[in-house]
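S.K.: below are the sequence and a predicted model; questions follow.
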Amino acid sequence: MSDGGNLRCVHNNPQSGHLLDYAPHPAVVLKMEDGTGLLLPIIFLEIPSVLFMAAIRNVQITRPTMYQIVKVMIDTMGYDVKFVRVTKRVHEAYFAQLYLTKLGNEMESVSFDFRSTDAINIVVLDHSY
């Protein structure tokens, strides 16, 4: 898992509007693809979880969110969201990289460091359900 290469988001039905409930905060659970079947819960705090649920339910937020602004910037620069890779854990927080590819030239790519929940929210906006 150190390079995040064996993680993939696995879900049953995000449109049902249910996130797994861990302690007081909901979580998205990623499943390792290395054959071990290990699960990695990414725990969302209140605001990121509300925005995540709004995005997968296609609920419009009246004010632009940080995730929407980043998505507009990505689109304006001519890039497309390719994937998120969970890269490291520091104390109790997971960090991730958001990978983008240039539209019309997938060989040209860039990546940015994000908190894992922020990167997931940007991907959800890009791949609306």
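M.R.: Structure received.
S.K.: quick one: secondary structure of Thr36?
M.R.: With DSSP: H, G, I helix; E, B strand; the rest coil as the basis, Thr36 sits in coil.
S.K.: neighbours around it, how many?
M.R.: 10 (other Cβ atoms under 10 Å). Yep, even glycine has a C-beta here, placed from its N, CA and C like the rest.
S.K.: do the same with Met66
M.R.: Look at Met66: counted by other Cβ under 10 Å, it has 13 neighbours.
S.K.: leaving out the residues flanking it, which one is nearest to it?
M.R.: Nearest residue to Met66, sequence neighbours excluded (Cβ to Cβ, 6 or more residues apart in numbering): Asp118, at 7.6 Å.
S.K.: hmm, Ile120 is touching Val84, no?
M.R.: Yes. At 6.2 Å, Ile120 and Val84 qualify as touching, with contact defined as Cβ atoms under 8 Å.
S.K.: shared neighbours of these two, which are they?
M.R.: Ala96 (Cβ atoms under 8 Å, 6 or more residues apart in numbering).
S.K.: which parts of the protein are strands?
M.R.: 7-9, 20-22, 25-32, 39-43, 79-90, 93-102, 105-115 (DSSP state E).
S.K.: need the ones you listed in CSV (columns: distance to Gln68, mean pLDDT and mean neighbour count).
M.R.: As requested, these are exported to CSV (distance: least, Cβ to Cβ, whole Å; pLDDT from 0 to 100; neighbours: other Cβ atoms under 10 Å):
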stretch, distance to Gln68, mean pLDDT, mean neighbour count
strand 7-9, 20, 45, 16
strand 20-22, 25, 47, 11
strand 25-32, 19, 76, 18
strand 39-43, 20, 82, 17
strand 79-90, 13, 89, 17
strand 93-102, 15, 92, 18
strand 105-115, 15, 93, 13
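S.K.: so which of the ones you listed gets nearest Thr62?
M.R.: Using Cβ to Cβ as the measure, strand 25-32 is the one of these that comes nearest Thr62, at 22.5 Å.
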